[in-house]
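*Asks:* give me a model of this one.
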Amino acid sequence: MVYNITDQETQPTVWNHLNGSSDEILDRYCVSELCKGWPVYRDASEWRNFRDLFADKGAFVFTTWSGGLPIDDFIDVSKKGRAAGDFIMHRENGTLVDLNPVTNRAVGKMKVTITQRFTVPNPSSSNINGINGDNTNTEANTTTFDVECDCRFIFFCKKTISGSAPDHRAEWKIQYNKNFYEKDRLVPVDGRGDSIPLFSQRELEKFPEGYRYLGLAQEKYGGHAVLRNLPTMRDDEAFRGLTRAMEMWLRAERVGEVLGIPGELGVEF
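*Replies:* Residues are numbered from 1 along each chain as shown. Have a look, this model is predicted:
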């Protein structure tokens, strides 16, 4: 796979993203706060705070394991997944924001490492404690490993203004979220390379390079139906569509169809 997609500029329009007026800097800061709320609130099950990041109507998110869902449905399946043993966390590695002050639109770009832990049966456990697979050591019967996936989370945000001056109130909220999945890897928790499962090339090739280890583990061990068409580092329609949607959103154009949001579920602005 070619690294960095292409040598061509991927965002031809330079939006307000550095310096600027105090109001512009404050707007970008508010959007950055929304982005950072994903790892801080979701990983800690602060569901009310997490929900407050998103618009009241029409908010929609995409992940590998959940597919595309309205935000309230996503929170519900997240709770069920956690109760069933899903152990997903996020590390924020840096966030910047593109702002269009004229349209009150912004795109938050947050570099994130998704890290998910799996504990699975050890294929060789029957030989660990001797004859006939007599193994009563539960810990020895399992293998624990992490899958880490480096991503670029893209948040489509808008500012709403209520009331009238000088007492009006301005609020930034996330309307949509969809991510670029850049590269992933298996990480042995105990530091031993022979303690991670062996995935066959045939299994891995079912998933796009960029999140194939994550996708395979989520489907094989987590029981999730993983999306196969999310944007990666490959210069294809998935990548170009999300890149195009970012530009369209900042110009206040409709992006639901480009993002793949079902018409009956998305709210266009």
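*Asks:* make it CA atoms for all contacts and neighbour counts henceforth
*Replies:* Fine.
*Asks:* so who does Gln116 touch?
*Replies:* Asp86, Phe87, Ile88, Met89, Asp146, Val147, Glu148, Leu214 (CA atoms under 8 Å, 6 or more residues apart in numbering).
*Asks:* pLDDT at it, what is it?
*Replies:* For Gln116, the model assigns a pLDDT of 97.
*Asks:* give me the three-state assignment for it.
*Replies:* strand (DSSP: H, G, I helix; E, B strand; the rest coil).
*Asks:* circling back to that earlier point, top of the contacts of Gln116 by neighbour count?
*Replies:* Neighbour counts for the contacts of Gln116 peak at Leu214, which has 26 neighbours (criterion: other CA atoms under 10 Å).
*Asks:* go ahead and confirm that one touches Val147.
*Replies:* Yes. If you go by CA atoms under 8 Å, Leu214 and Val147 touch, sitting 5.8 Å apart.
*Asks:* quickly list what's touching both of those two.
*Replies:* What both Leu214 and Val147 touch, as defined by CA under 8 Å, 6+ apart, is the set Gln116, Asp184, Arg185.
*Asks:* can I get the residues you listed in a markdown table with distance to Ser22?
*Replies:* Output for the shared contacts of Leu214 and Val147, formatted as a markdown table (distance: CA to CA, whole Å):
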| residue | distance to Ser22 |
| --- | --- |
| Gln116 | 39 |
| Asp184 | 38 |
| Arg185 | 41 |
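*Asks:* so which of the residues you listed is the closest to Asn100?
*Replies:* Lowest distance from Asn100 to the shared contacts of Leu214 and Val147 (CA to CA) belongs to Asp184, with 32.7 Å.
*Asks:* quick check: closest non-adjacent residue to the closest one.
*Replies:* Cys149 (4.0 Å; CA to CA, 6 or more residues apart in numbering).
*Asks:* just the pLDDT for that neighbour.
*Replies:* Looking at Cys149, the pLDDT reads 98.
*Asks:* follow-up on the earlier one: the contacts of Gln116: which two are farthest apart?
*Replies:* Asp86 and Glu148 (14.2 Å).
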